[in-house]
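1. what follows is a predicted protein model with its sequence.
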Amino acid sequence: MDPLAAHRARIGHIRESFAEANERFVTRLRAADDEAVQRVPEQGGWSAAQIAWHVASVTRRFAGLMSGERAGAQPLGADFVERPWPTIVTAIPDRLQAPSSFLPPPGVTRMDAIAALEASGMAMARALDAVTPERGAGLGISNPIVGGTINLYQVGEWATAHVIRHNKQAKQTLGR
């Protein structure tokens, strides 16, 4: 497959996977009532609305890195070797502490959470449209959560995995 076709296929797959995961999360929140989505678990943690707010905040950050609107993506060295995403995702710890900039405020409503997820999904779609083959394969970030350096294509894969991970958390919080 020629490089441009491979790029289009990869971006298309990431875009579809992300949109599907994000829409499943939005659908879960729409199907539940306000009280259930906004209820903080008795054992502590975040409400489903707060989880969604967190996901939307992280997605906006990922989208900014991918589009170039946010600084942080760096040129990858000639020695960079892309690790398979399944290998990376299995090494991500089950429990993480979100950085303070991604901690949800108290009182996030169901509608706030839905609006935030939908807006972040649009930002991710625009960011993926802006990724060129050179940006996707030639720029990246380093983060200990993913065990080192990943390229911008993999940031899109991480964004998708992040939505899926937290949709499962919201499902448990909602009891469905």
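-> Structure's in. What do you need? Numbering: from 1, shown residues only.

2. so how far is the one helix or strand L65 maps to off the chain centroid?
-> Per DSSP states H and E: L65 is located in helix 48-67. Relative to the chain's own centre, helix 48-67 is displaced by 6 Å; criterion: Cα atoms, centre = their mean, to the nearest Å.

3. all numbers from here: first residue = 623
-> All right, first residue 623 from here; so that's helix 670-689.

4. against which helices or strands is it packed?
-> helix 625-653, helix 656-660, helix 732-752, helix 774-796 (3 or more Cβ pairs under 8 Å, 6 or more residues apart in numbering; DSSP states H and E). The C-beta positions use only the backbone N, C-alpha and C, and glycine is treated the same way.

5. so where's the protein uncertain?
-> 798 (pLDDT under 70).

6. and the residue nearest the centre of it, how close does it get to I636?
-> Nearest to the mean C-alpha position of the chain, counting by Cα atoms, centre = their mean, stands A781 at 2.5 Å. Here A781 is placed at a distance of 8 Å from I636 (Cβ to Cβ, to the nearest Å).

7. thinking again about what came up before, now the angle between helix 774-796 and the helix holding L687, please.
-> Here helix 670-689 runs at an angle of 180 degrees relative to helix 774-796 (axes from the mean of the first three to the mean of the last three Cα atoms, to 10 degrees).

8. neighbouring contacts of the helix or strand just after helix 670-689?
-> Proceeding N to C from helix 670-689, the next assigned helix or strand is strand 696-697, under DSSP H and E. Strand 696-697 is contacted by residues G760, L761, G762, I763, S764 when judged by Cβ atoms under 8 Å, 6 or more residues apart in numbering.

9. let's go with 10 Å and repeat that
-> Residues outside strand 696-697 that contact it (Cβ atoms under 10 Å, 6 or more residues apart in numbering): E756, G760, L761, G762, I763, S764, T771.

10. the residue lying closest to the third one once chain neighbours are set aside: neighbouring residues, count only.
-> To tie it back to what came earlier, the one meant is L761. Distances taken as Cβ to Cβ, 6 or more residues apart in numbering put A695 closest to L761, at 4.2 Å, once the chain neighbours are dropped. Number of residues near A695 (other Cβ atoms under 10 Å) recorded here: 19.

11. for A695, what are phi and psi?
-> phi -70, psi 130 (degrees, to the nearest 10).

12. and it, how close does it get to A792?
-> 29 Å.

13. now A643
-> Relative to A792, and taking Cβ to Cβ, A643 is found at 12 Å.

14. between the two, which contacts overlap?
-> Counting by Cβ under 10 Å, 6+ apart, the residues touching both A643 and A792 are V677.

15. deepest of the helices and strands packed on helix 670-689, which one?
-> helix 774-796 (a mean of 21; mean count of other Cβ atoms under 10 Å).
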